Structures are given as C-alpha cells and as structure tokens.
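> Let me see the structure of the following:
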Amino acid sequence: MPRSNAATPAWLEEAVFYQIYPQSFYDSNGDGVGDIPGIQQKLDYVESLGVKGVWLNPCFESPFLDAGYDVSDYYKVAPRYGTNDDLRRLLAEARKRDIRVLLDLVPGHTSTEHPWFEASCRHERNEYSDWYVWTNSVWESLVPGLRAVGGMAERDAAYIANFFYFQPALNYGFASPDRRQPWQQPVDAPGPRAVRREMRKVMEFWLDMGASGFRVDMAGSLVKNDFDGRETSQLWREARAWLEGDYPEAALVAEWAAPSLAIPAGFHADFYLPFGVPGAGSLFRKRFPDLGRSDPYGWSFFERSGHGNVREFLDEYLRQYEATKSQGFISLVSGNHDVIPRLSHGREADDLELAFLFLLTMPGLPFIYYGDEIGMRSVDGLPSKEGGYGRTQVRTPMQWDDSPNAGFSTAPADQLYLPIDPRPDRPTVAAQEDDSDSLLNRVRRIVALRRAHPALQASGAFAPVYAVAGECPFVYRRTKGDEDVLVAVNPSANAVEVPMPEGLLAAAPETLQGRDGAWVEEDGRWLLRLPGVAGGVYRLLREKGH
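Next comes the predicted model:
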C-alpha cells in the first residue's frame with residue numbers, strides 16, 4: 001500500500017549498520033552452516049550493540065559458487081539458511097527491536113542454474129531469449145571491455161558474464177549500442193524492459209515481507225558500455241521514484257563505490273570502498289609492517305608509525321562529500337566480506353577503539369562488519385571457499401565463546417562452513433561481555449555516543465579543522481542545529497599538540513569522550529594535546545564560562 005512521501009527515510013539519520021554474513025554468524029541446527037534462525041537467536045546481541053540496521057549478505061537460493069552472489073531463485077530463501085517463513089519471522093523480530101534489515105539484491109546477473117538462463121540458452125526463441133546479453137554467434141567471444149563465454153549453451157551465441165563465468169549478465173541494454181552488433185540492444189528494447197519489471201517485482205516481494213530495503217550488488221554495472229553512468233543512473237532514479245511513492249521508508253544502499261554518481265542516481269547511500277574510491281584504502285589497509293615486504297602503496301593512516309597521510313583519504317572524500325551531502329550519505333565501513341585483511345590486522349584494542357571512534361563519528365551511514373567489534377582476526381592460508389579466494393580469510397565463523405567451535409555450531413569441526421580461528425587467544429563475545437574495558441564495550445559506548453548527539457549522526461555537517469599531510473592528529477567538526485562538536489584522532493604512538501584556529505573556541509570544550517585535560521589555553525589561543533593512540537569527542541561551548 002502506498003504511504004506518505006518521504007525523500008529520505010527518517011530512520012537512517014541515527015542508524016549504524018551491522019553486516020551479517022549468514023553462513024558464518026550462528027548455526028542453529030548443527031549442520032555447520034550459519035542460518036536465519038541462528039541470526040534470530042542472536043538478535044538480542046545485535047540489539048545490544050546499539051545498531052539500527054542490519055545488512056544480510058545474499059540469502060536466496062543458489063548453487064553457492066560465489067557465496068550466494070549467483071542467484072538461482074530470487075523469490076526463495078536458500079534451504080541451507082531456512083525458509084521464507086524463517087526470514088519473515090527474522091524481519092518481524094528485528095523490527096520489534098527497532099532494527100531494520102536490508103537484504104542483498106543482486107540485480108546484474110544470475111547463476112547459470114537459474115531457470116531464466118536455462119531457458120535463454122535454448123535454440124528456439126522463447127520468453128527469456130533476450131533476458132541475458134548474448135552475442136550473435138558462439139564464435140563471437142572476443143568483446144572489448146566485456147567478458148564473453150562461449151560453448152556452454154545449445155544456442156549459437158556467447159553470453160556476457162558479469163564476474164565469474166557462471167554469473168551471466170542480465171540484459172538491461174547498452175547505453176550506446178553498436179549498430180554493427182545487433183545483439184547490443186538499446187535500453188528500451190523488450191528484453192531489457194522485461195528484466196526491469198521483473199527486478200521490481202523481486203524488490204516488491206521482499207519489501208512486502210518486511211525487508212527495509214536493499215544493499216545493491218555492483219549497482220553501477222547494469223547497463224553495458226554506460227561509461228558515464230547516464231543510463232544506469234536513469235534506471236535507479238526510476239526505482240527510487242517508485243520506492244518513494246510505494247515504500248518511502250525503504251532504503252537503497254549502493255555498491256557503486258562512487259558516491260558522486262550513485263547518490264544523484266537515486267541511492268540513499270553508497271559505500272566508500274578500498275577497491276573503488278581513490279584513497280579509501282589509505283585509512284586502514286594500505287601498509288602493514290609485519291608483512292615483511294616493501295609495499296608501493298605506502299602506509300595507512302591508522303597506524304602507530306605515524307607515517308600515514310590523512311590527505312590521501314580526505315581530499316577525495318571531501319570532493320565526494322561536497323557533491324552529495326544534500327542528497328544522500330557516504331558509508332564508511334570497518335570491513336566487509338570483500339575487504340582484506342580484517343580491521344584488527346596489526347592493531348591492538350586501543351588502535352581499534354580509535355578506528356571505531358573515527359568510523360562512528362563521521363557523517364553518513366557507518367557499517368560494522370560482524371566480528372570487527374570484538375577484534376576478530378583474518379585467518380590466513382585457507383583454501384578458497386565458494387569463490388572467496390583471498391577473501392576467505394575474513395569470512396570465518398563468528399566467535400561467541402570458548403566452547404567447541406567458539407560457540408558457532410555444534411557440528412563436528414570438520415563439517416563447519418569454514419574453520420574457526422585456531423589461535424588460543426582468539427577474541428570472543430563471552431570474554432568481552434562483562435569487561436567494561438573490552439573492545440566490544442568500547443564500541444557499544446561509541447555507538448551510544450553517536451546516537452545521543454545529533455551533530456554526530458548521518459546529516460550533521462562535516463568540516464576538517466586540522467588535517468595536514470603526513471601529520472597527526474586529524475581533527476574535524478560536526479555540527480547540527482545548536483550542537484557543535486569536535487572530534488580528534490591521533491593514531492600515531494607519539495604525543496601531539498596542535499593549535500586550533502583563532503575564534504573557534506570561546507572556552508575549553510566539554511569532553512564527551514576521551515581524557516580530560518586535553519585543552520590548554522596559552523597566549524589567548526587554545527591548544528589540543530593528545531597522547532599517542534588517543535582521541536576524543538568534545539562539545540564546543542558558545543560563550544566563555546558558559
């Protein structure tokens with residue numbers, strides 16, 4: 001049923017999201033694979049983090065050659081995870097806790113085992129012949145800029161694959177079809193139009209079941225040869241207009257990694273990812289000294305060495321932020337199923353707390369990858385699982401306690417989806433639950449701080465105050481209404497002292513997070529002093545002595 005129009009769902013303003021990789025979160029039935037009832041059983045824990053949103057990686061029927069990103073039925077939950085009714089119950093129980101769930105929509109391709117593709121492979125023309133991108137002939141397999149796969153169909157043609165060979169691209173048309181290649185259909189051809197209609201039906205099906213929106217896989221890849229994103233953007237603008245009319249509380253989050261394209265195209269948010277946006281990897285993952293080799297990409301900013309350069313991140317971030325701040329949100333992430341290594345690599349609890357302080361006080365919609373809140377570590381040397389390859393190291397089971405299999409599953413260890421981190425000092429939820437100084441409880445406090453202060457939430461204005469190339473700290477200002485907050489992070493091991501711009505402070509700010517005594521007034525100017533690996537959040541006072 002249509003509801004009142006709202007351009008941006010209000011619930012996004014204070015939302016922090018938690019990403020759950022379903023097969024690795026909690027196994028409720030002892031088969032070694034995490035499942036939807038298991039997620040439901042752990043909702044109290046998710047709620048305790050203070051998050052208001054969950055993103056579930058794909059949970060639809062699939063042969064799982066790419067961890068579910070090869071869908072064989074968009075309308076059915078994969079049996080290994082449960083049933084459609086299980087997902088319906090999860091969505092309802094999450095909503096009771098004021099937690100919204102985003103499902104992972106994979107609109108660009110299916111599995112080769114999807115009935116649509118199987119029909120499209122046939123020699124005889126049928127309803128699905130033009131639902132995928134096929135060349136004129138099986139011999140026409142060298143297509144510049146596209147991946148063509150030949151010899152796998154009865155049909156005399158090669159199909160275009162989006163990623164792996166078993167992920168044939170659904171046909172959304174070509175932005176500028178080559179007239180010499182009649183197989184390159186325009187976006188308004190019958191096949192592309194039918195695919196768009198069907199994908200809207202898929203979205204409608206899950207929204208009616210209780211989903212609160214979608215994280216959209218490879219969102220910028222739908223229309224082929226769309227080099228400026230024009231036609232793909234138009235497709236998503238139409239989807240956004242439909243949502244605002246019929247499902248105005250639903251959120252669309254893009255995996256586009258180009259906020260200045262994705263947000264004007266109709267997405268409420270876009271991920272700022274190391275493999276997409278220039279400089280994104282410089283925050284946490286550019287260089288780790290323990291790798292024992294020279295890395296041409298330099299140092300990350302959040303390292304004790306102090307060799308990082310915040311401007312490598314900030315200059316591009318500011319360009320993206322200024323282009324989108326009035327239209328939608330940038331999503332920074334602690335990690336995800338595609339990003340290696342985990343945030344904890346080469347870091348201790350104090351370093352991780354500082355990383356989370358930054359992540360959760362920046363504008364936009366922050367995402368916490370399951371396990372990062374307890375400092376779970378990458379497990380190196382694993383064989384590839386379900387197309388993970390090197391990414392498999394960050395997809396291991398959640399570590400709940402010190403019981404067998406870290407409390408993830410009652411299955412024999414050799415039947416687990418992936419091995420548990422074998423290290424005896426592996427972090428667990430149980431070990432950190434009652435320790436007020438644990439990383440888990442530090443993260444909870446920072447999430448609560450964000451939710452308590454509107455200036456720190458999604459749309460609060462952002463401006464750098466001190467951000468010098470090759471130096472620490474990074475100091476920035478967040479404002480909304482009457483609230484004016486400074487955030488400072490010093491990831492280096494060295495103590496720092498920096499002057500604040502004249503006129504910024506009328507008095508020593510109120511400390512909301514961090515140690516007291518950080519502010520010193522000398523000769524009429526305020527200085528910020530931070531020890532190594534430290535940070536703080538400070539509310540500015542309007543008048544001296546107030």
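> drop to CA atoms for contacts and neighbour counts, all remaining ones
Will do.
> how about the strands in the stretch 151-300 of the chain?
Here the stretch 151-300 of the chain has its strands, by DSSP state E, counting those that start in this stretch, at 159-161, 213-216, 251-254, 269-271.
> who touches stretch 227-235?
175, 187, 220-223, 226, 261-262, 264-266 (CA atoms under 8 Å, 6 or more residues apart in numbering).
> Listing request: residues of the stretch 351-500 of the chain with sub-threshold pLDDT.
Along the stretch 351-500 of the chain, no part satisfies pLDDT under 70.
> swap that for the chain, sorry
Ranges of the chain meeting pLDDT under 70: 1-6, 287-297, 543-546.
> Kindly export the longest helix along it (C-alpha atoms) in CSV.
Ordering each helix of the chain by length in residues (DSSP state H) puts helix 190-209 first. Written as CSV, here are the backbone C-alpha positions of helix 190-209 (Å, rounded to 0.1, in the frame of the first residue of the first chain):
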residue,chain,number,x,y,z
PRO,A,190,11.6,-5.6,-25.0
GLY,A,191,14.2,-7.8,-23.2
PRO,A,192,15.7,-5.0,-21.0
ARG,A,193,12.2,-3.7,-20.2
ALA,A,194,11.1,-7.1,-19.1
VAL,A,195,14.1,-7.6,-16.9
ARG,A,196,13.5,-4.2,-15.2
ARG,A,197,9.9,-5.1,-14.5
GLU,A,198,10.9,-8.5,-13.0
MET,A,199,13.5,-7.0,-10.8
ARG,A,200,11.0,-4.5,-9.4
LYS,A,201,8.7,-7.5,-8.6
VAL,A,202,11.6,-9.1,-6.7
MET,A,203,12.1,-6.0,-4.6
GLU,A,204,8.3,-5.6,-4.0
PHE,A,205,8.1,-9.3,-2.9
TRP,A,206,10.7,-8.8,-0.1
LEU,A,207,9.6,-5.4,0.9
ASP,A,208,6.1,-6.7,1.4
MET,A,209,7.6,-9.5,3.6
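> What residues sit buried inside that helix?
By 16 or more other CA atoms under 10 Å, the buried positions in helix 190-209 come out as 191-196, 199, 202-204, 206-207, 209.
> Name the member of the contacts of stretch 227-235 that has the highest neighbour count.
residue 262 (28 neighbours; other CA atoms under 10 Å).
> how near is that one to residue 251?
13 Å (CA to CA, to the nearest Å).
> cool, residue 137 as well?
Taking CA to CA, one finds residue 137 at 41 Å from residue 251.
> okay, now the domains of the protein?
10-108+191-452, 109-169, 461-539 (automatic domain parsing).
> Just put the ones you listed in JSON lines and tack on distance to residue 182.
Below are the domains of the chain laid out as JSON lines (distance: least, CA to CA, whole Å):
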{"stretch": "domain 10-108+191-452", "distance to residue 182": "13"}
{"stretch": "domain 109-169", "distance to residue 182": "8"}
{"stretch": "domain 461-539", "distance to residue 182": "49"}
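> Looking at those domains, spot the one closest to residue 180.
domain 109-169 (10.8 Å; CA to CA).
> Would you pull up how far the closest one lies from the middle of the chain?
Centroid displacement of domain 109-169 relative to its chain, using CA atoms, centre = their mean, to the nearest Å, is 30 Å.
> now do the same end-to-end measure for it.
Start-to-end, domain 109-169 (CA to CA) is 4 Å.
> and residue 511, that one's in a strand?
Yes. Per DSSP: H, G, I helix; E, B strand; the rest coil, residue 511 lies within a strand segment.
> Can you name the residues that contact it?
536-539.
> By neighbour count, which of those wins?
residue 537 (26 neighbours).
> which SS state does that residue fall under?
strand.
> Next up, the contacts around it.
485-488, 511-514.
> Pick the one among those residues closest to residue 521.
Of the contacts of residue 537, the one sitting nearest to residue 521 (CA to CA) turns out to be residue 511, at 15.5 Å.
> what is the closest one paired to in the beta sheet?
Per DSSP bridges, the residues bridged to residue 511 are residue 538.
> what would the contacts of residue 511 look like in TSV with distance to residue 503?
Shown next, in TSV, are these (distance: CA to CA, whole Å):
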residue	distance to residue 503
536	20
537	19
538	16
539	15
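> Show me the two of the residues you listed that sit farthest apart.
Every pair of these checked by CA to CA; the farthest is 536 and 539, at 10.1 Å.
> Mutual contacts of these two, please.
The contact lists of residue 536 and residue 539 share 511-512, where a contact means CA under 8 Å, 6+ apart.
> Give me the phi and psi for the closest residue to residue 362 other than its chain neighbours.
With CA to CA, 6 or more residues apart in numbering as the criterion, residue 362 has its nearest non-adjacent residue at 6.8 Å, and that residue is residue 456. Note on residue 456: its backbone torsions stand at phi -90, psi 0 [degrees, to the nearest 10].
> what do you get for the one 5 residues further on?
Dihedral angles of residue 461 (phi, psi; degrees, to the nearest 10) stand at phi -60, psi 150.
> bridging residues for it?
residue 479.
> And the contacts of stretch 227-235, which is closest to residue 91?
residue 266 (24.5 Å).
> just checking, that closest one touches residue 236?
Yes. The criterion here is CA atoms under 8 Å, and residue 266 meets it with residue 236 at 5.7 Å.
> nearest spatial neighbour of residue 222, skipping sequence neighbours?
residue 108 (5.4 Å).
> how close does that neighbour get to residue 50?
With CA to CA as the criterion, residue 108 and residue 50 are 33 Å apart.
> Before I go, just wanted to say thanks for your time.
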